[in-house]
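Asker: Just the structure for this:
(2 chains)
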Protein chains: 2
Amino acid sequence: MTVSSSGGPNDALAESQWRRCPFTGRWVVMAQVRAGRPMDFARPAVRRDGAFCPFCGGNEEFTTAELAARRDPATPANAPGWRVRALPNKYPAVLSHVDGTINDHALFVSRPGVGVHEVFVESPEHFTSSSQLSAEQFADVLWIYRQRLCDVRRDARLRYGLVFKNVGALSGASLEHLHSQLLATPMLPATISDELASGASYYQRQRRCLFCDVIAAELAAGERIVATTDEWVAFCPYASRFSWETWILPRQHQSDFTCLTDGQLGSLGSFLRQILGQVEATLPLVSYNYLLHTSPFDTLALEHYHWHLEILPRVTSVAGFEWGAGFAINTLSPEKAADMLRQAP
Amino acid sequence: MTVSSSGGPNDALAESQWRRCPFTGRWVVMAQVRAGRPMDFARPAVRRDGAFCPFCGGNEEFTTAELAARRDPATPANAPGWRVRALPNKYPAVLSHVDGTINDHALFVSRPGVGVHEVFVESPEHFTSSSQLSAEQFADVLWIYRQRLCDVRRDARLRYGLVFKNVGALSGASLEHLHSQLLATPMLPATISDELASGASYYQRQRRCLFCDVIAAELAAGERIVATTDEWVAFCPYASRFSWETWILPRQHQSDFTCLTDGQLGSLGSFLRQILGQVEATLPLVSYNYLLHTSPFDTLALEHYHWHLEILPRVTSVAGFEWGAGFAINTLSPEKAADMLRQAP
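Answerer: Here you go, the predicted model:
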């Protein structure tokens, strides 16, 4: 796709564009998928009534062409026989091929809307709740996260790949068939920048990983722990922004999710299935997001960063105020939340 | 209210507590209003069916005791005859009187949940849409913002007062009777810190106000302007995070909202009424937040900051991902949004 841009500060919006807020420095993706239909990104034209779902096995001809899949080796691409598929997002927020210009006006800074936006279909069955997936299916999903991150990071224009999942209407999910997404971007998400800066500053002072020290302190205290195995830990973070917010981390220091072995993917699949099961048992039909925070594409193994998965249940709709103000109000202590999650069947 | 706390890193949550995220440095308010009822803050026990509303004129005995009001001088407090009232929030996120301890553990930093949380009832009539308010009523509402900010800033423990308004279910609003809120806090909201830092850095280089320069550039470009008067300007910001996001600013440099004269309150009331009317005409029954960004309590007039009002329409529910990732995806260009708003009747 081409984008016409004269480079002036007030160009009409291209098909997809990064813009930097002059007041906060934060980047916004302007993703004008189709003129006059601003809801398209949030609500693709997929029916929710179960009558037809393009993500179900057998309907491969109705999706974009698959980028990767875990499937029966005897089956061809874009045909049945898969367990998990990666597809280009039909309504991408960012685009691989954009001929825009870099705009460094003093006040209005923009970049072409370069990036990668993929969808991962998590099962051929029309599952709508994570608890319907087997541990093996969870491992397949994690496998495709690793596979796609490893592939996409080879694009030198991109600095970060954010894997996330929206479940339920309050989370922003637009399709009920279980899926997750990858948004790979030329700039770091602000939360990742903040975590890297905190981690680097702590390491500078202590010569230890901040995340490893928090894990040790949480294990010693115990009250915010949701579950542990030899390899994994899940806790409700001390300053949880969302009620029942739960993080999963490897107990052994590791900065980069893509360094996980197949064996680790398997045990993480079982652990993630257990934790999401506890969340869904505590909060039936809850909407939630999860976000995979891993190291940037352009770094080697980092001593001061520690990848993790953040599960953010969405039980209230207050995030507009919180996004505008920049601090969260949480009405449930993480100690109580962890206690409830531990008691889930 | 008293809070028991031994000062250890893993104390049970007090009634209200500030906690700092060790990974990002951001503060979270833990507001456990009532044990086991985490929805209380979001959903006070007020019926939405119109059968009874404690905010309506005549029902003053059902609210907390008023802190200030604009009313017929012949009428006593907490009785009919008012046009706008300020009340302590019945379900406060923060509390004026908390005997907690300051906790500076290496990883788990907390402060007592000190702050002020007030509600402003915007009319004795049971209005549910801003367009039902007259320009004079808007001026009354702005008057009470100024009055309460001036009063609350005298508490030397508090650094910031954030006035905000939630309208509609998607905004987090819990009552339909028109109201807004004040949350005054011992720390700066992250968005305000970011704006102050950008403003200071720009002023350092240019010796001019960043906001004044953006206003001039927006007026010159015109395409994102929604409306102007001699005193006020409204535009959709260049890097709008929300579709139809609209900011209102004074054209003359002014950092502190509380320095507004009565005459300015009157003209701003008319202008705000017009802009919200354009938003509601473009997006019937839309949920939205607005946020008043003004200078911190502990500063004098600032050359590098410029107060403004941010109107954030809530047409999608994607903020959970955005809050977690730290960048926004907007599917409508501010140029198109401004064009639509300009054409509203």
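
Asker: Helices of chain A, residue ranges please.
Answerer: A:135-152, A:190-206, A:210-221, A:262-282, A:319-325, A:334-342 (DSSP state H).

Asker: Export these as JSON lines, with columns for mean neighbour count.
Answerer: All C-beta spots, glycine's among them, are computed from the backbone N, C-alpha and C. Formatted as JSON lines, the helices of chain A follow (neighbours: other Cβ atoms under 10 Å in any protein chain shown):
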{"stretch": "helix A:135-152", "mean neighbour count": "20"}
{"stretch": "helix A:190-206", "mean neighbour count": "17"}
{"stretch": "helix A:210-221", "mean neighbour count": "19"}
{"stretch": "helix A:262-282", "mean neighbour count": "19"}
{"stretch": "helix A:319-325", "mean neighbour count": "24"}
{"stretch": "helix A:334-342", "mean neighbour count": "21"}
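
Asker: closest to residue B:81 out of those?
Answerer: Smallest distance to residue B:81 across the helices of chain A (Cβ to Cβ): 31.5 Å, for helix A:319-325.

Asker: so what secondary structure elements neighbour the closest one?
Answerer: strand B:160-167, helix B:190-206, strand B:287-293, strand B:308-314, helix B:319-325 (3 or more Cβ pairs under 8 Å, 6 or more residues apart in numbering or on different chains; DSSP states H and E).

Asker: cutoff 10 Å now
Answerer: If contacts are counted by 3 or more Cβ pairs under 10 Å, 6 or more residues apart in numbering or on different chains; DSSP states H and E, helix A:319-325 sits against strand A:328-330, strand B:160-167, strand B:179-185, helix B:190-206, strand B:287-293, strand B:308-314, helix B:319-325.

Asker: mean confidence score for that helix?
Answerer: The pLDDT scores in helix A:319-325 average 70.

Asker: Check the offset of that helix from the chain's centre.
Answerer: Distance, stretch centre to chain centre, for helix A:319-325: 20 Å (Cα atoms, centre = their mean, to the nearest Å).

Asker: Show me the shaky parts of the stretch 1-150 of chain A.
Answerer: Applying pLDDT under 70 to the stretch 1-150 of chain A flags residues A:1-14, A:32-51.

Asker: At which residues are the strands of it located?
Answerer: A:16-20, A:27-31, A:68-71, A:82-88, A:103-104, A:109-112, A:116-121 (DSSP state E, counting those that start in this stretch).

Asker: Between strand A:27-31 and the last one, find me the angle.
Answerer: Put plainly, it is strand A:116-121. Angle, strand A:116-121 to strand A:27-31, by axes from the mean of the first three to the mean of the last three Cα atoms, to 10 degrees: 70 degrees.

Asker: Can you name the residues that contact the closest residue to residue A:293 other than its chain neighbours?
Answerer: Nearest non-adjacent residue to residue A:293, counting by Cβ to Cβ, 6 or more residues apart in numbering or on different chains: residue A:308, 5.5 Å away. Applying Cβ atoms under 10 Å, 6 or more residues apart in numbering or on different chains to residue A:308 gives the contacts A:195, A:211, A:215, A:233-234, A:237, A:247-250, A:254, A:257, A:291-294, B:23.

Asker: Then residue A:30?
Answerer: A:13-19, A:93-94, A:110, A:113, B:238-240, B:328-335.

Asker: Residue A:207 too?
Answerer: Taking Cβ under 10 Å, 6+ apart, we find residue A:207 in contact with A:303, A:304.

Asker: tell me how far stretch A:240-247 is from the chain's mean position?
Answerer: With Cα atoms, centre = their mean, you get 16 Å for stretch A:240-247.

Asker: Okay, now that stretch: how far is its last residue from its first?
Answerer: 10 Å (Cα to Cα, to the nearest Å).

Asker: can I assume residue A:194 is in contact with residue B:22?
Answerer: No: using Cβ atoms under 10 Å, residue A:194 is not in contact with residue B:22, being 11.2 Å away.

Asker: that older thread, need the helices of chain A in a markdown table (columns: distance to residue B:279).
Answerer: Output for the helices of chain A, formatted as a markdown table (distance: least, Cβ to Cβ, whole Å):
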| stretch | distance to residue B:279 |
| --- | --- |
| helix A:135-152 | 39 |
| helix A:190-206 | 27 |
| helix A:210-221 | 43 |
| helix A:262-282 | 36 |
| helix A:319-325 | 14 |
| helix A:334-342 | 36 |
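
Asker: averaging pLDDT over each of these, which comes out lowest?
Answerer: Of all the helices of chain A, the segment with the smallest mean pLDDT is helix A:319-325, scoring a mean of 70.

Asker: so how far is stretch A:325-345 from its chain's centroid?
Answerer: 21 Å.

Asker: Between the two ends of it, what distance do you get?
Answerer: End-to-end for stretch A:325-345, by Cα to Cα: 37 Å.

Asker: so which of the helices of chain A comes closest to residue B:162?
Answerer: Nearest of the helices of chain A (Cβ to Cβ): helix A:319-325, 5.7 Å.

Asker: Return the distance of the residue nearest to residue A:293 relative to residue A:239.
Answerer: Remark: distance between residue A:308 and residue A:239 (Cβ to Cβ, to the nearest Å) = 14 Å.

Asker: Could you do residue A:30 as well?
Answerer: 31 Å.

Asker: repeat for residue A:343
Answerer: Between residue A:343 and residue A:239 the distance is 23 Å, computed by Cβ to Cβ.

Asker: Looking at those two, which one has more neighbours?
Answerer: residue A:239 (25 against 10; other Cβ atoms under 10 Å in any protein chain shown).

Asker: residue contacts, that one?
Answerer: Per Cβ under 10 Å, 6+ apart, neighbours of residue A:239: A:245, A:328, A:330, A:334, B:17-30, B:108-110.

Asker: Mind splitting chain A into its structural domains?
Answerer: A:16-161, A:190-342 (automatic domain parsing).

Asker: Between the two ends of the last one, how far is it?
Answerer: Think domain A:190-342. Separation of the first and last residues of domain A:190-342 by Cα to Cα is 32 Å.

Asker: count of neighbours near residue A:284?
Answerer: Using other Cβ under 10 Å, residue A:284 has 7 neighbouring residues.

Asker: Identify the residues contacting it.
Answerer: residue A:129.

Asker: do the same with residue A:160
Answerer: A:115, A:149, A:152-153, A:183-189, A:192-193, A:293-298, B:325.

Asker: Same check on residue A:273?
Answerer: Residues in contact with residue A:273 (Cβ under 10 Å, 6+ apart) are A:130, A:131, A:133, A:134, A:135, A:136, A:137, A:138, A:139, A:141.
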